[in-house]
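Asker: model this:
(one chain, ligands or ions: 3)
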Amino acid sequence: MSATVDLVIRDALLVTPEASRHGAVAVDDGRIVAIGRSEAMPSARRVIEAGGRPLIPGALDVHTHVREPGFSHKETWATATAAAAVGGVTTIFDMPNTDPPTANAAAVREKIAIAGPQAHVDFGVYGYVGEANLADLQPMAEAGASAFKLFLGSDNPLVPCPNDGAVLDALALIRETGLRCTVHAENTPILNWRGAQMKAAGRDDLAAHLAQHADIATVEAVQRIALFAEWTGCKIHIAHENCRHALPVIAAAKRRGVAITAETCPHYLLLSMDDAERAGGNALRVKPPVREAGHAEALWAALLDGTIDMISTDHAPHPVEEKHRASIWETSPGFPGVETSMRLMLTEVAAGRLTLQHYVRLACEAPARAFGLWPRKGALLVGTDADLVLLDLDHRETIRGATFQSKGKVTPFEGRETQGRAAMTFLRGTCVAQDGQVIAPPGTGRSLQPP
Ligand code: NCD
Ligand code: ZN
Ligand code: ZN
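Answerer: Ligands and ions are numbered 1, 2, ... in the order given. Take a look at the predicted model:
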């Protein structure tokens, strides 16, 4: 350990799920090469004095809609990954509802080729699961897909929901790839039926969207997919959990040994229908919906007891005009999130709602473990990728969509005060963002699974 290394970050509070201790990290060639006392570190070409501030692993977001190819007016790989970098997120998994959808090996390769030159953070891509592409699942895994995405309850014609027979076959095939299948779990016929009822009644408000997405629609779909996972042995992951009634179903599946993990998002933890006006009215539309007051409290309890494993963002940017429409049915669902998630969650840490160590488990370690990337990602260990975030826990700022790196400028958190942020984001030892600005060139990010 006498040779000079690339980087040493000294006098930091090294935070992992298990412990917080003062020390330093040495980085060479993109990896952590030493962890210990500041005085014990090798000489380095760059030394950063952390001044006692916390250093955590880069966060992972396993639920990001980057939009390219096909929807570059909503977001590009450059803008989505810039948003991630300033938000302290060093790995994203991109959803397959692009145009063309990521539904075969060629589309996986094409997406990786589009993303690579633009990326500011590392990325994985999801392969779509449909009735027509069962024979493409294994080839997508071989082409570099990091996981699969199953839409149950989607009305997006680009990524139609497969019937239950096809779902069962798909899970059996995905099991053979060893990859995990993330599921948007809502019951399609209930959504279609209720949506038609609402429209026939002339309803076009945010509450009608909530009524369409009845609690039972997600409870049933989570129950069914957990059973299918148990039957086939496929690893599944419940996307954007938002409903308190689905939590006992997930907990019960875990108790009987089903390979099931679950995520929730800051908007489900921090907002309810009571906030609709402040959050922009129809602009709060997201699938699945932010529900009535009371669900968030149950989601927090589920985070604390381990029923929900991790935080994701469901970063789903749309142009401003698509978020401000008179009819809820014409309002595009979703909003950007990858840029604000860490700030919002650190604000809850400051408020004493969870510990920083617990946040590191939810945002870094758990997603890395569930998706086969730990300890390369999501860990502070010698030999792992030096994806690191130096935190400023005192930084106070008001969320303003207009300042986002993302092309999506409409956020339900507009005007919200946050405390704490990523002061410096390092990707494999390179500082990619500092104080809210991107400072490394596009192309610094890499595909997690080069074909
Ligand atoms: C997502 C999108 O816009 O792609 N929208 C959303 O409301 N979450 C789709 C999805 O995640 O189901
Ligand atoms: Zn979804
Ligand atoms: Zn989504």
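Asker: wouldn't residue 429 be in contact with residue 27 here?
Answerer: Yes: with contact defined as C-beta atoms under 8 Å, residue 429 counts as touching residue 27 (4.2 Å). C-beta: built from backbone N, CA, C; applies to glycine.
Asker: shared neighbours, the two?
Answerer: Residues touching both residue 429 and residue 27 (C-beta atoms under 8 Å, 6 or more residues apart in numbering) are 6-7, 386.
Asker: Please produce CSV containing those, extended by distance to ligand 1, secondary structure and pLDDT.
Answerer: Formatted as CSV, the entries for the shared contacts of residue 429 and residue 27 read as follows, by distance: C-beta to the nearest ligand atom, whole Å; DSSP: H, G, I helix; E, B strand; the rest coil; pLDDT from 0 to 100:
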residue, distance to ligand 1, secondary structure, pLDDT
6, 38, strand, 98
7, 37, strand, 98
386, 31, coil, 98
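Asker: what's the closest of the residues you listed to residue 250?
Answerer: residue 386 (33.8 Å; C-beta to C-beta).
Asker: list the contacts for that closest one?
Answerer: Listed by C-beta under 8 Å, 6+ apart, the contact set of residue 386 reads 7, 25, 27, 30-32, 426, 428-429.
Asker: give me that answer again for 6 Å
Answerer: The contact partners of residue 386, by C-beta atoms under 6 Å, 6 or more residues apart in numbering, come to 27, 30-32, 428-429.
Asker: what's the answer for residue 312, then?
Answerer: Under the criterion of C-beta under 6 Å, 6+ apart, the contact partners of residue 312 comprise 61-63, 263, 265.
Asker: right, and out of those, which lies closest to residue 439?
Answerer: Ranking the contacts of residue 312 by separation from residue 439, with C-beta to C-beta as the measure, puts residue 61 on top at 20.2 Å.
Asker: isn't there a strand covering that closest one?
Answerer: Yes: with the criterion set as DSSP: H, G, I helix; E, B strand; the rest coil, the secondary structure at residue 61 is a strand.
Asker: quick one: it and residue 314 touch, right?
Answerer: No: taking contacts as C-beta atoms under 6 Å, residue 61 lies outside contact range of residue 314: 8.9 Å.
Asker: okay but residue 422 is in contact with residue 90, surely?
Answerer: No: the pair residue 422 and residue 90 fails to qualify as a contact (C-beta under 6 Å) at a distance of 9.7 Å.
Asker: Looking at these two now, which is surrounded by more residues?
Answerer: Neighbour tally, residue 422 and residue 90, criterion other C-beta atoms under 10 Å: the higher count belongs to residue 90, 33 against 29.
Asker: Quick check: phi and psi at that one.
Answerer: Torsion angles at residue 90 (phi, psi; degrees, to the nearest 10) stand at phi -110, psi -10.
Asker: Could I get the contacting residues of the residue in the stretch 51-200 of the chain positioned nearest to ligand 1?
Answerer: Scanning the stretch 51-200 of the chain for the residue nearest ligand 1 gives residue 65, at 4.3 Å (criterion: C-beta to the nearest ligand atom). Residue 65 makes contact with 95, 315-316 under the criterion C-beta under 6 Å, 6+ apart.
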